[in-house]
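>>> 3D, please:
(one chain, ligands or ions: 1)
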Amino acid sequence: MKKILAVIPFAFASTAFAQSQATVDAHVAEATRLAGSDLGALMVLCKPAPASRPPQAAVDAGIAKNIARPAPAPGKAFDNLYFIGAAWVSAWAIKTSEGIILIDALNNAKEAQELIDGGLRRLGMDPATIKYVIVTHAHGDHYGGAQYLVSKYKPRIVMSEPDWVQTETKLEFDSPSNWGPVPKRDLSVKDGDTVTLGGQSVTINITPGHTLGTITPTFDVFSNGKKHRVLLWGGTAFNFGNNIPRMDTYIAATQRMAKIAQEQGIDVMLSNHAGYDGTMAKLEALKKDPKSDAFVIGTPAVVRGLQVMGECAQAQRDRYLLMK
Ligand SMILES: [Zn+2]
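Below is the predicted model of the structure:
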C-alpha cells in the first residue's frame, strides 16, 4: 500500500484529490468570515453557480424582469462622481472641467434617455458634455445604451480589445428583446492605459474572468475636502458555466487588485450592479448627512471585499472541478 502511494505523481494527486466538498466549504467559510457584517452583499457570489448557461428564453425573461424594476433617483456620491443607474445595473458619471466620463451605458436607448440623459439633467449636468463612455464589459446591460449616446452626443466608446472582438464575432450573451445594439468599434484599451479628461484620469485595469477583457476602472474622487480613490469592479457573476481557466483568471484578478488597492490606498469599492455595493442605502445616507462619506469604506474593507470575491471564486472553481 505504501509503495503504491509513493508512485502517485504529486500533480495527479492534487488534481484528482485536492478538491472536495470540504475545500468548497472552507472557501465559503473564509469568505463569510472576511465579509463580516459590512460586506455581506458580496456573499451572493458564494452561492453555487450554474454549470452551463441557461436557455435563451430564461435569459430574456430574467433580464426583462430586472429592467422592469422601478428606477431609483439619481444621486451624488462624491463631488465629482454621480450615480445615474437603473435598479439592477448602474451607470456612473465622473464630472470634470471638460465634460463627463461615463462608466457604462445601461441596457438600451430608453434607459440611456431616461436615466443617463434625464439623470444628468436632474443633477444639473448637460449630457451633451459626455466625452467618453467606458464600457466595463461586452454584456448588453453595460453597452446597450451606448449607440444611442453616440448618435446623440458623439462620445468615444472605450472597451478592451477582447471585448471589442466579442462584439464583432460571437457575443457570449445576447438579449435583443431587451438590449440595444452593440456599439461600433471605437477606442480599444489595454491594462494600464488611462482615459484622461479635464485633468482627471481613469486607470484601466483589465480583470478577466466575467468576460475575457473586463475593465475595472480606478480613479480619484473628492468629498468634504479630501481625496479618496475608487475601484469599480467591472464584472462580478460567474455566469459563463464550468470553465476552470476563466475561474483561474478571475481569482488572479481579485488577488492582483487587492494588492493594487493596498498599494494605492483605495478606500472606495463600487460595482456596476448596485446589489453588490449598497449604492442606494449609501446615497440615502449621504442625502441625510452629506458629511457622512457613506461610500468611503477604507482600504482594509476594500481589500477584504476583493478577498471575499476571490474566496467565492475558489469555492466555485472547486465545485466545477468536482463535477468533472
Ligand atoms: Zn456581465
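
>>> ok, the nearest residue in space to residue 97 that is not next to it in sequence - how many residues close by?
Leaving aside its chain neighbours, residue 97 sits nearest to residue 198 (3.9 Å; criterion: Cβ to Cβ, 6 or more residues apart in numbering). Heads up, the C-betas are built off the backbone N, CA and C, glycines and all. Residues within reach of residue 198, counting by other Cβ atoms under 10 Å, total 16.

>>> chain center to the longest helix along the chain, what's the gap?
Using DSSP state H to define each element, the chain has its longest helix at helix 299-323. Helix 299-323 has its C-alpha centroid displaced from the chain centroid by 15 Å (Cα atoms, centre = their mean, to the nearest Å).

>>> likewise stretch 65-83?
Counting by Cα atoms, centre = their mean, stretch 65-83 is centred 15 Å from the centre of its parent chain.

>>> now residue 172: how far from residue 241?
Residue 172 sits 10 Å away from residue 241, going by Cβ to Cβ, to the nearest Å.

>>> Make sure residue 253 is indeed in a strand.
No: counting by DSSP: H, G, I helix; E, B strand; the rest coil, residue 253 is not part of a strand but helix.

>>> Am I right that it is in contact with residue 210?
No: under the criterion of Cβ atoms under 8 Å, residue 253 is not in contact with residue 210, lying 9.1 Å apart.

>>> Run through the residues that contact the residue sitting nearest the centre point of the chain.
Geometric centre of the chain, nearest residue: residue 234, 2.5 Å, by Cα atoms, centre = their mean. Contact analysis of residue 234 by Cβ atoms under 8 Å, 6 or more residues apart in numbering lists 136-137, 207, 210, 214-217, 272.

>>> Spatially, which two of those are the most separated?
210 and 217 (14.4 Å; Cβ to Cβ).

>>> Residue 176: how many residues sit nearby?
Neighbours of residue 176 using other Cβ under 10 Å come to 12.

>>> per-residue pLDDT, residue 50?
On the pLDDT scale, residue 50 is placed at 88.
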